[in-house]
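> need a structure here:
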Amino acid sequence: MNRPAVSGLLPVLFALAAFPCLGPCLGQEAKPPAAEKPKEPSEEGYPVADTLVVSKCGGCHAKDEKGNLTRISWERTTPEGWQQAIKRMVRLHGVELTPEEARQIVRYLSNRHGLAPEEARPVMYVAERRMIDETVPDESLKEACVICHSAGRPMSWRRSREEWDLLLNMHIGYFPVAEFQGFRRFPRRQNAPPQPPGTDTRHPGDKAVDFLTKSYPLRTPEWSAWLAGMRAGKLAGRWLLTGAQPGPGRVVGEVEIEATAQPDEFVTTTRLTWLKDGRTVTGKGRAIVYTGYAWRGRIEGVDGGTEPGNLKEARQVMMVSRDQSQIEGRWFWGGYDEFGIDVTLRRAGNDPVLFGVDRTALRAGAAGQRVRIHGSNLPSDVKADEIEFGSGITVKRVLADPAPSAGGLAVEVDVAAGAIPGKRDLAVRRHALTGALAVYDKIDYLKVTPEAAMARLGGTTHPKGYQQFEAIACTRGPDNKIQTADDIELGPVEDIHWSIEEFLAVYGDDDKEFVGSLSQGGLFTPAREGPNPQRKFSRNNYGDVWVVATWRPAGGEAARDGKPATGRAHLVVTIPLYVRWDQPEVAQ
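Below you'll find the predicted structure:
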């Protein structure tokens, strides 16, 4: 992308504009320049056959003799990517669409110009609205792209070389500051030392385009195979749900999926139970499955109360497995989609299925520990010797199930003092569940998750952005050292004392007094946005702090060396998101 310098042309252009006769006086004919013949694409595009797409988009995106529409036929992306493109066309170019027409266009483009499951899975966190510490695959993306948005956004697209070039130019047109903020380097000073031999002196934008062209090309074997074999989802029926929500904990339930007149649209009835407190809720939902696997839906009417973070209406982003036996992803809600449940759905049949257990760990040397096994179609006549947790754990008896209608078993187990620490599988007759729980002797330390987090001030004109923390108990592994790769995670710990400590960044730091409050359930609630006259210089209530979890052993529990186990996470509390480039009103 060598762009010609324009500074030297400015005087000439100004003269020609100010004095129209100057051109003829210089011996030039006053005639329009000949139109340049468009360059042939470097590769074949994907023709657009849908009449609605052609009628709504063909006015600007010219159609060729092969049925290709400019730009569109040389791009592929997720449903969210096409939604974003349609919003831009509506806002900037006056495209008029009804909601149903917009959905139909997104459906067609996702199905015929989408991503294969193997291409979509690495960037699912974007659609799932996860706040993660993402891995950026190339340094040029850090310099050219991540200065403004996540690397997952360009990684969610597949384009031809020409389209990646045009994407860069589009950014310069819409956001001129991007050219010298990220795409181009400033010239080296004259007395700068010479660079080492072989140094790539191209601009970051040029290097990023090269990387994207090679790593995320238009045509791939994965997409060709998926496009050839893509089929409509046969998903109607009863599905068993297991999941986890940070804070409230493990969730089990059922989802009844019903087909509609549209082969890729479904309605759902969902029943959820939180194992920690036994809370049960029911909700109704609708969903579209794009590209044969991309579940996008909403669930409404699931009301768990009025406290922040309770599920009332949620968006669903999930992926259907190739054999259509499993669906997994995230359901999320909140002002910034900060609350969510990681879920897995499995088809229900007549065979017994194990969901999981109501606890994540068993302590070595303790007798009479109770475990409730959750599942479906579990035998009612199972005996104690038909249930196994591995060596060192003895199932003493099967108890009367406190909730027999939920389809589970309750057992009492003894764990030998010398039981080997580590993850254990659960087996009920011939049916097994891998890594059902862990065995431990002592808790060495706590891991607070997320380890790096962000919350947003709000409550005046913008919503608050909450942050839920969990304290995960950990014990040292076989190497007998803590904070190493073989350490064993025992799951979330209850009876945690939560506190906030100052993260010392400047002299006289007082952030912990103003940023917000932390409940004893690990939920951080930020303060209000806007200037605070109680702070020095009437600053906003922003700042950064440590979130600290402390666990003191009680009731026979033990911590290493008899000391409390602790852990902490870094929390940044910042201002509201005043501008959103991708408003959610058109999204599914």
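> list the buried ones in stretch 423-435?
Buried positions in stretch 423-435, judged by neighbour count with 16 or more other C-beta atoms under 10 Å: 423-424, 426-428, 433. (Each C-beta comes from the backbone N, C-alpha and C, glycine too.)
> now what about it, what contacts it?
Here stretch 423-435 makes contact (C-beta atoms under 8 Å, 6 or more residues apart in numbering) with 351-357, 362, 373, 375, 378-379, 382, 386-390, 393, 409, 436-439, 488.
> now, those residues that are in strands?
Under the assignment DSSP state E, those contribute 353-357, 362, 373, 375, 387-388, 393, 409, 436-439, 488 to strands.
> picking that back up, got JSON lines for the buried residues of stretch 423-435, with distance to Pro463 and pLDDT too?
As requested, the buried residues of stretch 423-435 are arranged in JSON lines below (distance: C-beta to C-beta, whole Å; pLDDT from 0 to 100):
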{"residue": "Lys423", "distance to Pro463": "39", "pLDDT": "94"}
{"residue": "Arg424", "distance to Pro463": "42", "pLDDT": "94"}
{"residue": "Leu426", "distance to Pro463": "41", "pLDDT": "95"}
{"residue": "Ala427", "distance to Pro463": "47", "pLDDT": "94"}
{"residue": "Val428", "distance to Pro463": "45", "pLDDT": "93"}
{"residue": "Leu433", "distance to Pro463": "39", "pLDDT": "92"}
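> which of the contacts of stretch 423-435 are buried, as a PyMOL select command?
Selecting only the buried entries of these in PyMOL, with 16+ other C-beta under 10 Å as the criterion:
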select buried, resi 352+353+354+355+356+357+362+373+375+378+382+387+388+389+390+393+409+436+437+438+439+488
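> quick one, helices of the stretch 201-350 of the chain?
If DSSP state H, counting those that start in this stretch is used as the criterion, the helices of the stretch 201-350 of the chain fall at 204-215, 221-229.
> state the mean pLDDT of stretch 578-588.
Per-residue pLDDT over stretch 578-588 has a mean of 57.
> ok, the buried residues of stretch 423-435 vs Val251, which is closest?
Lowest distance from Val251 to the buried residues of stretch 423-435 (C-beta to C-beta) belongs to Leu433, with 16.2 Å.
> pull up the pairing partners for the strand or helix carrying that closest one, direction included.
Applying DSSP states H and E as the criterion places Leu433 in strand 431-440. Next to strand 431-440 in the sheet, as set by DSSP bridges, lie strand 361-363 (parallel), strand 422-428 (antiparallel).
> gap between that strand and the chain center?
Distance of strand 431-440 from its chain centroid, counting by C-alpha atoms, centre = their mean, to the nearest Å, is 27 Å.
> who does whatever helix or strand comes next after that strand touch, helix- and strand-wise?
Using DSSP H and E, the helix or strand that directly follows strand 431-440 along the chain is strand 445-449. If contacts are counted by 3 or more C-beta pairs under 8 Å, 6 or more residues apart in numbering; DSSP states H and E, strand 445-449 sits against strand 470-475, strand 543-551, strand 565-574.
> CA atoms only for strand 445-449, dumped as CSV, please.
Below are the C-alpha coordinates for strand 445-449, written out as CSV (Å, rounded to 0.1, in the frame of the first residue of the first chain):
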residue,chain,number,x,y,z
TYR,A,445,-3.7,-20.8,48.7
LEU,A,446,-6.7,-19.1,47.0
LYS,A,447,-6.9,-18.0,43.4
VAL,A,448,-9.2,-15.0,42.9
THR,A,449,-10.9,-15.0,39.5
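> could I get the helices and strands packed on strand 445-449 as TSV with distance to Val251, mean neighbour count and mean pLDDT?
Below are the helices and strands packed on strand 445-449 laid out as TSV (distance: least, C-beta to C-beta, whole Å; neighbours: other C-beta atoms under 10 Å; pLDDT from 0 to 100):
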stretch	distance to Val251	mean neighbour count	mean pLDDT
strand 470-475	14	23	95
strand 543-551	22	21	96
strand 565-574	23	20	95
